[in-house]
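Let's see this in three dimensions:
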Amino acid sequence: MKHSIQFQPAYSLAVIQLDAGECVRAEAGAMVSMSGTIELEAKFNTGGKGLMGMLKRTVLGGESLFLSTLSAKAGPGEVTLAPSMPGDILPLTLAGETLLTERGAFLAAADGIEMDAQFAGLRGLMGGEGLSYLRFTGHGLLLLAAFGGIYARELAPGERYVVDSSHLVAFEERVSYQIRKAATGWISSFTSGEGLVMEFTGPGRLWLQTRNPRANAEWLSAFLPKPSAE
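Numbering: from 1, shown residues only. Alright, predicted model coming up:
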């Protein structure tokens, strides 16, 4: 399986070349185009773990009920994929390590990648990320989608780094984190517009997106027609 990312960073498109017999799993609706040799099939998003696995990823992880499986059954061919939001695509090749991602970051994965939801509990809720993260492990290509560009940051052992959770895309499982106030006091934290932030401690890697989806939604809502009072 070969891949390239085109039109970065604003309107990225993933171009994947599948050999005969290979397949890639993608978020529902991500397929832009495919060769005539490719077969598209919608399957329940179980991740190989049955009904409970599907419920974890759809209810807790915020993922679609279905995944698109694109298989090169009639010979080698091309598949192109794109996220629903404008922004970059992060291609990662996993070699047994584990990544945690924000809800909605998944775009596609090779068949050797296992997807699950990992419970984040109150830490996730306080950080604005919901009840869980998506957890990816295995071997092969993983494609993640970001809103805006992608900033990769390598943390040294013991190095601390503070992130607004709305800009988080993914982090290695070995990186520890905690939720804390953005500033020293509560008033300063919330008047700064940051409130609660995530403090990561290395070693390990983080990937951040340069734009904030929540802030963008609030900005757009100011231009939408308001319902008239009757």
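
I'd like the average pLDDT over stretch 169-189.
Taken as a whole, stretch 169-189 carries a mean pLDDT of 77.

start at 15 instead
Sounds good: first residue 15 from here, last item stretch 183-203.

Please, which helix or strand holds Ala122?
Element membership for Ala122, per DSSP states H and E: strand 120-124.

Give the next helix or strand downstream of that strand.
Once the chain leaves strand 120-124, the next helix or strand it forms, by DSSP H and E, is strand 127-133.

on contacts alone, who are the packing partners of that next one?
With contacts defined as 3 or more Cβ pairs under 8 Å, 6 or more residues apart in numbering; DSSP states H and E, strand 127-133 has these neighbours: strand 146-159. To be clear about C-beta, it is placed using only N, CA and C from the backbone, and glycine gets the same treatment.

what residue is smack in the middle of the protein?
Compute the mean C-alpha point of the chain, and by Cα atoms, centre = their mean the closest residue is Ala119, 1.5 Å away.

and it, how far is that from Pro171?
The gap separating Ala119 from Pro171 is 26 Å, by Cβ to Cβ, to the nearest Å.

Could you list everything the closest residue to Tyr165 other than its chain neighbours pairs with in the sheet?
Leaving aside its sequence neighbours, Tyr165 sits nearest to Leu222 (Cβ to Cβ, 6 or more residues apart in numbering; 4.5 Å). Judged by DSSP bridges, the bridge partners of Leu222 are Tyr165, Leu182.

Regarding the protein, what is its longest helix?
Determined from DSSP state H, the single longest helix within the chain is helix 227-235.

Give me the mean pLDDT for it.
78.

Number of residues surrounding the residue nearest to Tyr165?
Number of residues near Leu222 (other Cβ atoms under 10 Å) recorded here: 20.

And the one 4 residues further on, by the same measure?
The burial metric for Asn226, expressed as a neighbour count using other Cβ under 10 Å, is 16.

I'd guessed it sits against Ser179; true?
No. Using Cβ atoms under 8 Å, Asn226 is not in contact with Ser179; the gap is 9.7 Å.

where does the chain dip in pLDDT?
By pLDDT under 70, the low-scoring segments of the chain are 58-79, 133-145, 197-209, 242-244.

Output the longest helix of the chain as CSV, nothing but the C-alphas.
Taking C-alpha atoms only, helix 227-235 is exported to CSV below (Å, rounded to 0.1, in the frame of the first residue of the first chain):
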residue,chain,number,x,y,z
PRO,A,227,-13.4,23.8,15.5
ARG,A,228,-15.5,25.1,18.4
ALA,A,229,-14.3,28.7,17.9
ASN,A,230,-14.9,28.4,14.2
ALA,A,231,-18.5,27.2,14.8
GLU,A,232,-19.1,30.2,17.1
TRP,A,233,-17.7,32.6,14.5
LEU,A,234,-19.9,31.1,11.7
SER,A,235,-23.0,31.2,13.9
